[in-house]
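**Student:** could you look at this predicted model? Sequence included:
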Amino acid sequence: MEFTSQHKKSFFSLMNDLTATHTEADLRELIGHRLLELLDADHFASYIWSPHKSEFESRISINMSDQNLSTYEKHFQFCDPITPTLQKRRSATPVSWVMRHKDLIKTEFYNDFLRRDGLCYGINLYLYVGSRNIGDIRLWRGAGKKDFDEESAKLLDGLLPSLINAISAARYRDGSLYNKEHGGPLANDPSDIVRLQRYYGLTRKETEVASSMLDGLSDAEIADMLTLSLPTIRTHIRAIFQKTGINRRSQLWILAKAKN
């Protein structure tokens, strides 16, 4: 795709949004507007997968009707011929890569859902912290435009780390890290720590370090509390990040609060 001056403006606006302080919902909507501009798309939707309910929730949408999306949430997500495959991927994927367009347009999903809002060609990207989905990006173009291509997918993939980190940080803030009444960190729920330890195979010492991180302590404060050297604490933190597949403290909080 040709990167015009407008595309450059949209790109830098997006990067600015990703580093600013927003609620998670506001940030996902801002990302949607910027990506519509950046990828010449017409429609945007974003959901978060709930493993407990086995369905998508927390909808954000742009240029799509609430009524039509309600039918998706009540019916079409459970007979969706494309999303289960797209959802398994850790990279941006045009819909036509998992189902040929000529086959898609023959489906009920296309004719009774997508076409009602003018959606024709799509590309999806699912954001994960470890094994936990923290949101997705669903961009669609109308029938009068071309399908998304490999360059579109590469552009989204290049943004993926920044998108994950920004949404993780926003969710971390939204999750009431600080007790508003007392002005300090919230106490950990012991079950959160046990879940982390069992699911990710943390050692006893790694679990103690993870618990302290969730309490909002700095590396130096953890070292002082556990009477360990600072390099040792950082070694444990690297091990925690490696086992859980994350790279930021805010992402650890998301994993700890995941009620799988």
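**Tutor:** Perfect, I can see it now.
**Student:** for the chain, which spans come out with low pLDDT?
**Tutor:** Applying pLDDT under 70 to the chain flags the ranges 1-2, 175-189, 258-260.
**Student:** at 90 what do you get?
**Tutor:** 1-13, 16-25, 49-54, 90, 128-134, 161, 165-200, 211-222, 224-227, 244-260 (pLDDT under 90).
**Student:** in terms of helices and strands, where is residue 234?
**Tutor:** Element membership of residue 234 [criterion: DSSP states H and E] is helix 230-244.
**Student:** return the set of buried residues in that helix.
**Tutor:** Within helix 230-244, the residues that count as buried by 16 or more other C-beta atoms under 10 Å are 233, 236-237, 239-241, 243-244. In short, each C-beta sits where N, CA and C put it, glycine included.
**Student:** mind checking what secondary structure residue 198 has?
**Tutor:** Using DSSP: H, G, I helix; E, B strand; the rest coil, the structure places residue 198 in helix.
**Student:** show me the contacts for it.
**Tutor:** By C-beta atoms under 8 Å, 6 or more residues apart in numbering, residue 198 lies in contact with nothing.
**Student:** tell me where the stretch 101-250 of the chain has helices.
**Tutor:** Ranges of helices in the stretch 101-250 of the chain, per DSSP state H, counting those that start in this stretch, are 101-104, 108-112, 150-174, 190-200, 204-214, 219-226, 230-244, 249-257.
**Student:** nearest to residue 6, out of the ones you listed?
**Tutor:** When those are compared by C-beta to C-beta, helix 150-174 sits nearest residue 6, at 14.5 Å.
**Student:** before we move on, back to that, what about the helices of the stretch 101-250 of the chain, which gets the closest to residue 39?
**Tutor:** helix 150-174 (5.6 Å).
**Student:** helix 249-257 and the closest one, what's the angle between them?
**Tutor:** With axes from the mean of the first three to the mean of the last three C-alpha atoms, to 10 degrees as the basis, helix 150-174 and helix 249-257 are set at 70 degrees to each other.
**Student:** who touches helix 150-174?
**Tutor:** 1, 14-15, 17-19, 21-24, 27-28, 31, 35, 38-39, 91-94, 123, 125, 127-129, 134-135, 137, 247-251, 253-254.
**Student:** count of residues packed around residue 155?
**Tutor:** Residue 155 is flanked by 19 other residues according to other C-beta atoms under 10 Å.
**Student:** with distance to residue 5 added, can I get the helices of the stretch 101-250 of the chain in TSV?
**Tutor:** Converted to TSV, these look like this (distance: least, C-beta to C-beta, whole Å):
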stretch	distance to residue 5
helix 101-104	31
helix 108-112	35
helix 150-174	16
helix 190-200	46
helix 204-214	43
helix 219-226	43
helix 230-244	39
helix 249-257	34
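**Student:** and the ones you listed: which comes nearest residue 119?
**Tutor:** For those, the distance to residue 119 is smallest for helix 108-112, at 8.4 Å, taking C-beta to C-beta.
**Student:** look up how far residue 89 lies from residue 160.
**Tutor:** Taking C-beta to C-beta, to the nearest Å as the criterion, residue 160 is separated from residue 89 by 11 Å.
**Student:** and the two? Which one has more around it.
**Tutor:** Shown here are residue 160 and residue 89; by other C-beta under 10 Å, residue 160 has more neighbours (17 against 13).
**Student:** and stretch 49-62, what's buried?
**Tutor:** The neighbour-count check on stretch 49-62 (16+ other C-beta under 10 Å) flags 49, 56, 59-62 as buried.
**Student:** per-domain residue ranges of this structure.
**Tutor:** 5-174, 178-257 (automatic domain parsing).
**Student:** how far does stretch 18-31 sit from the chain's center?
**Tutor:** Offset of stretch 18-31 from its chain centre (C-alpha atoms, centre = their mean, to the nearest Å): 12 Å.
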